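Student: Build the 3D model from these lines:
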Amino acid sequence: MSYFDAASSAPLHPVARQALQASLDEGWADPARLHREGRRARLLLDAAREAAADAVGCRPDELAFTSSGTRAVHDGIAGALGGRRRVGRHLIVSAVEHSSVLHSAELHASDGGTLTRVPVRRTGAVSAEEYAAGLRADTALACLQSANHEVGTEQPVAAVAQACREAGVPLLVDAAQSLGWGPVEGDWSLLAASAHKWGGPAGVGLLVVRKGVRFAPRGPVDERESGRAAGFENIPGIVAAAAALRAVRAESAAEAVRLRELTERIRVRVPELVPDVEVVGDPVRRLPGIVTFSCLYVDGETLLHELDRADFSVSSGSSCTSSTLTPSHVLRAMGVLSEGNVRVSLPPGTTSEEVERFLAVLPGTVSAVREKLGAPGEPARTPAASDALVVDALGRRCPVPVIELAKVIADVPVGGTVRVLADDEAARLDIPAWCEMRGQEYVGEEPADRGSAYVVRRVS
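Tutor: Got it, this is the predicted structure:
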């Protein structure tokens, strides 16, 4: 079995496993107590904090351990907004932030705060200039991920942090995906991360608040973790998380070179092996182990199941899954194809042989799924006289509307149009993406009695 979903959760690092087992025996007592067992637990906690702070590039007293990366994000955003309430209630986020950031942002907006979502380019990156333009006199906080969790694109954190610093606005960085590869550059103010992303155990997060940042924890204040994380510290988990972070950092330089070569191999060869594929994300400024591509005429859920049957564990931002009826917010913001999306995220230690086997299995798997869905082959029909065909795909989910469009495009004379009636949210993204991939003109969306009518003009 090849596990290619490290961006969701990385396998437990061997060093973390050793540290966890050892600290279960030594770190069970209350570190706030003065007896021998408490002092021993405190030594373990302090050592882990110093190691994690060194990896982050902050002072130990700026770093608090939380119960998860999501908890770190929620508490970090709430505390920073609370600390700067007198300045204003304006929050800035990018359109491709992790759901934990967006959920906090939506809660802030529902409570009367104002919110700006900075759009991204087709690569998934924000423009630092456009982000800076969103800063206002009443901006309390800005948030930007260090790298995207779905497509691996790295964000211009240093440039955005500089703009925020000049405007007097703190910047919170979600560093969950990148921290295992190195510290986050730039003069950021707050940082959140999650241990299970770098090979530590689940249930441990980091929240860093730089000295001088106004911060007011929300809810009851606990005496632990400088009042920023309530509850008894999970010392065995924290020790294992810090040990894993130190270990992966020691390996990161060599492993990054190796994984970049493997993901570049996938980026180049998948479009050669599988027709009608769009590789998404920045081709250069990206994390070493993540590569994402989308396949036309493919049901994403079925494709993931078939790859799992072939012993490959991958994930998807596709709308064609049982977990969601709408496209991934990341793919939607990027304006790229969402159907049949596959995210391959390689954990450290992935071999060249595993990647080659994946590349050998993928074409047949995609072809079988397309055949099952009745996807079209190369057009071979003579155009008919009609120049205004209508495809009724109402009530049918992705990728069927695009499949039906592809089946009839050969019946439209050059210059003629076809209207696709669809009520699946994914069609709004996938039909324009199909037009770009197939060299046809997307005219636009029109209202219809049910759903929408998507108008396409045949160019060639």
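Student: Buried ones in stretch 176-190, by neighbour count?
Tutor: Under the neighbour-count criterion of 16 or more other C-beta atoms under 10 Å, stretch 176-190 has A176, Q177, S178, L179, G180, W181, P183, V184, G186, W188, S189, L190 buried. Where C-beta positions appear, they are placed from N, C-alpha and C, glycine not excepted.
Student: okay, that stretch in CSV with CA atoms only?
Tutor: Backbone C-alpha positions of stretch 176-190 (Å, rounded to 0.1, in the frame of the first residue of the first chain) are rendered in CSV as follows:
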residue,chain,number,x,y,z
ALA,A,176,0.6,23.8,9.2
GLN,A,177,1.7,22.6,5.7
SER,A,178,5.2,24.2,5.6
LEU,A,179,6.6,24.2,9.1
GLY,A,180,8.1,20.7,8.8
TRP,A,181,10.2,22.0,5.8
GLY,A,182,11.5,25.1,7.4
PRO,A,183,10.7,28.3,9.4
VAL,A,184,8.3,30.9,7.9
GLU,A,185,10.1,33.9,6.5
GLY,A,186,9.0,37.4,7.1
ASP,A,187,8.1,39.7,10.0
TRP,A,188,4.8,37.9,10.9
SER,A,189,3.1,38.4,14.3
LEU,A,190,1.2,35.2,15.0
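Student: what about that stretch, distance to the chain center?
Tutor: Put simply, stretch 176-190 sits 15 Å off its chain's centre (C-alpha atoms, centre = their mean, to the nearest Å).
Student: buried residues in stretch 261-271?
Tutor: L262, T263, R265, I266, R267, V270.
Student: just to revisit the earlier point, in a markdown table, list the buried residues of stretch 176-190 along with distance to R86 and pLDDT.
Tutor: A markdown table is the format used below for the buried residues of stretch 176-190 (distance: C-beta to C-beta, whole Å; pLDDT from 0 to 100):
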| residue | distance to R86 | pLDDT |
| --- | --- | --- |
| A176 | 30 | 97 |
| Q177 | 33 | 97 |
| S178 | 33 | 97 |
| L179 | 32 | 97 |
| G180 | 37 | 97 |
| W181 | 38 | 97 |
| P183 | 32 | 97 |
| V184 | 28 | 97 |
| G186 | 26 | 95 |
| W188 | 22 | 98 |
| S189 | 17 | 98 |
| L190 | 18 | 98 |
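Student: and the residues you listed, which of them are in helices?
Tutor: Counting by DSSP state H, no part of the buried residues of stretch 176-190 is found in helices.
Student: Can you convert those residues into a markdown table and add a column each for distance to C295?
Tutor: As requested, the buried residues of stretch 176-190 are exported to a markdown table (distance: C-beta to C-beta, whole Å):
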| residue | distance to C295 |
| --- | --- |
| A176 | 27 |
| Q177 | 24 |
| S178 | 27 |
| L179 | 31 |
| G180 | 29 |
| W181 | 28 |
| P183 | 36 |
| V184 | 33 |
| G186 | 36 |
| W188 | 37 |
| S189 | 41 |
| L190 | 38 |
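Student: out of these, who's nearest D111?
Tutor: L190 (19.8 Å; C-beta to C-beta).
Student: so what's that closest one closest to, chain neighbours aside?
Tutor: Nearest residue to L190 in three dimensions, chain neighbours excluded: L172, at 4.0 Å (C-beta to C-beta, 6 or more residues apart in numbering).
Student: next structured bit after the biggest helix by length in the chain?
Tutor: When the chain is parsed with DSSP H, its longest helix is helix 235-273. Moving toward the C-terminus from helix 235-273, the next helix or strand (DSSP states H and E) is strand 277-280.
Student: which residue is nearest the middle of the chain?
Tutor: Per C-alpha atoms, centre = their mean, the C-alpha nearest to the average position across the chain is that of H149, at 2.2 Å.
Student: Perfect, I'm done here.
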